[in-house]
Structure formats: structure tokens, C-alpha cells
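Enquirer: pasting the sequence and the predicted model now:
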Amino acid sequence: MMIWAMAFYLWRRPMLAGLTLAVGTAFKEVAPYVLIAVALLEIGRVIARWRRGGPEEWRVRPALVRFGFITATAALGFVLLLTIMDSIATPYADATAQLITGGPFAEIAHIISYASQQSSPNGPQGIASYPWAWLNDLKPITYLRINPSLPGHGLYAIHPVSKFLGMISPPILFAGMLGLVYSGYRLVRRPRGLAPAGSGPWVSEVPLLAVAWFLGTWTPFALTSLIDQRTSYLYYMLIVMPGLYVAATYLASTLWRLHRASASALAIVWGLAVVAAVVLMYPFIPAF
């Protein structure tokens, strides 16, 4: 839903983007982080127009109108969805063994209160980790390991041995981080102004989107971890990865468009490495 919300926004459908984001927020409360990405995107557009020129729609006022539409629609849509869900089933607070009454705003207050209690003042324990450790695969986790000789609860007579490893694909992570650096460089040093995607291989919003998405979705985890010692897990990186995917693709496509044998070969080798990592890391083969 976060990806579709951003897509609708880029297609100049801010209200539809807001409704989509409302659905995403009903799934998981971190979905509004995409609003930070949208804000950074608009700030980047305004700065680009101020420095080098650009479309009229990249002025401050249209940007504020678009952002206001997506924010208001997302907030109202989320409250409406909570109201509908509450009418179907009253929410329940498992920590206090009590029903949450008082409507959607009481539920939102409970969500915020519950999240604020998830802290690790003595550092991450178990599978928890710091957000900056996600950026170099410092602490992989095991989602599930099935071993018939030592079966877990409910996993008897399951064959073969398999291991679901929680880890970001190293070639994608490497290319994504390198692509973010390159995207930042292109935004700062590009000789011409930004323009809507599709206008040419070197004039595109793609690097801006990559940087905005990454900063908008990863930075909140980092700040809450630093300021409030908030507990965080590697799988939260799921909502950050689209920014790295865009950055990695932008870098690979740039290499390909250089029309140099060495650059094209490098892009092909990286693509093969991505496929190899899928086969080796996903439990297609038995784990030993």
C-alpha cells in the first residue's frame, strides 16, 4: 500500500494516494512514514526548481496543496476504517486483558501508548537490532528452522531440513547503498534541472525518489532508537527496501546506458549475483 500510495502521488492523484495510504495504515501503523518521503520529495522538487528551473507544479504552493490532500485524506480515511473495524469487532488490549472502548481515537491512543513501551534501554536483545545495523547485514536472524530430528511445536514430520534466514540480499544491499550515494551525487552535481520521469535517461526524478524514500522510512527508526531506545527489528527494513531497490536499479541502468563493455558486464554480473543470492538464501535447498 505504501508503494501504491507513492505511485498514485507521482501520477498526480494525491487523494487516491491518501486513501491507499489509509488502507496501508490500517494494516501497519508505520505506513504513514511514506508521508515523510513525500514531503522530502516535494522539498527536493522545490529546491530543484529554485536552483535550476523546473515545471510550475514544483512551486511551493502547489506542493503544499498536494501534500495537504494526501495527508488529510490518509488521516480521515484511517479514522473511518478504524470506525468500521471497531463496529465489526471491538479492539482488545492483550497487555491489560481489556477491551478498548471509546471509538477510533481511543484505539489510536492505545496504539501510540503501546508502541512507546517497546524499548530496549540496555540495547537490543534476541533478534532485535539497531537500525544502522540493517544497512550492512550486521545481525541476520533466523525466521524459522525446521529440523526433523529436533522438531519444534507443530513441526513434526516435516521434511526436508530447511532454514528461513532473515537477511537482506547482499548484492541488492550493496548496490542499493552505492546507488543512494550516486543518487545524492546526481542531485547535487547534475548539470541540468530535474524533470518528470521518462523525459530522458539523465534527467529524472528517480534519484530524488530513491533518496526521499530511504530517508523518509529509515530515519524515523534511527531517531526513535537513538532518542527513545525504541526496540526495532530487521524485518522493519521491509518498508525501507523500496528506496534501495530504486537506487540499485538507477545505478545498474546508468551503467548499462554507458554503452561500455566493462560497465555492461558489471551490470550483468550484478544481476546474476542477485539471482544466485535468491537461490542460496531462500530455502529452496536443505539447510545444513
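Expert: Done, it's in.

Enquirer: can you show me the strands along the stretch 151-288 of the chain?
Expert: 162-166 (DSSP state E, counting those that start in this stretch).

Enquirer: where does it have low pLDDT?
Expert: Counting by pLDDT under 70, the stretch 151-288 of the chain has low-confidence residues at 151-163, 190-204, 283-288.

Enquirer: what sits closest to M85 if chain neighbours are left out?
Expert: A26 (7.1 Å; CB to CB, 6 or more residues apart in numbering). From N, CA and C alone the C-beta is placed, and that goes for glycine too.

Enquirer: now A37
Expert: G216 (3.0 Å).

Enquirer: isn't that neighbour right up against Y33?
Expert: Yes - G216 is within contact range of Y33, at 5.9 Å (criterion: CB atoms under 8 Å).

Enquirer: tell me the mean pLDDT for the helix or strand containing the residue nearest to M85?
Expert: When elements are assigned from DSSP states H and E, A26 belongs to helix 14-27. Across helix 14-27, pLDDT averages out at 95.

Enquirer: and stretch 117-136, by the same measure?
Expert: The model assigns stretch 117-136 a mean pLDDT of 86.

Enquirer: report the buried residues of that stretch.
Expert: Buried residues in stretch 117-136, defined by neighbour count with 16 or more other CB atoms under 10 Å: 120, 124, 128-131, 134-135.

Enquirer: okay if I get those residues as CSV plus secondary structure and distance to E42?
Expert: Shown next, in CSV, are the buried residues of stretch 117-136 (DSSP: H, G, I helix; E, B strand; the rest coil; distance: CB to CB, whole Å):
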residue, secondary structure, distance to E42
S120, coil, 34
P124, coil, 34
A128, strand, 34
S129, coil, 32
Y130, coil, 30
P131, helix, 24
W134, helix, 26
L135, helix, 25
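
Enquirer: ok, of the residues you listed, which one's closest to L81?
Expert: P131 (28.3 Å; CB to CB).

Enquirer: contacts only, for the closest one.
Expert: P131 makes contact with 218, 221-222, 225, 232, 236, according to CB atoms under 8 Å, 6 or more residues apart in numbering.

Enquirer: again with Y92
Expert: So Y92 contacts 98-100 (CB under 8 Å, 6+ apart).

Enquirer: okay, and the beta partners of it?
Expert: L99 (DSSP bridges).

Enquirer: ok, it to G102 distance?
Expert: 13 Å (CB to CB, to the nearest Å).

Enquirer: likewise for A5?
Expert: Distance from A5 to G102, by CB to CB: 28 Å.

Enquirer: please apply the same query to W58.
Expert: Taking CB to CB, one finds W58 at 43 Å from G102.

Enquirer: between those two, which one's more packed in?
Expert: When neighbours are counted by other CB atoms under 10 Å, W58 and G102 differ, and W58 comes out ahead with 21 against 12.

Enquirer: right, and the more buried one touches R51 too?
Expert: No - applying CB under 8 Å as the test, W58 and R51 come out as separate, 11.1 Å apart.
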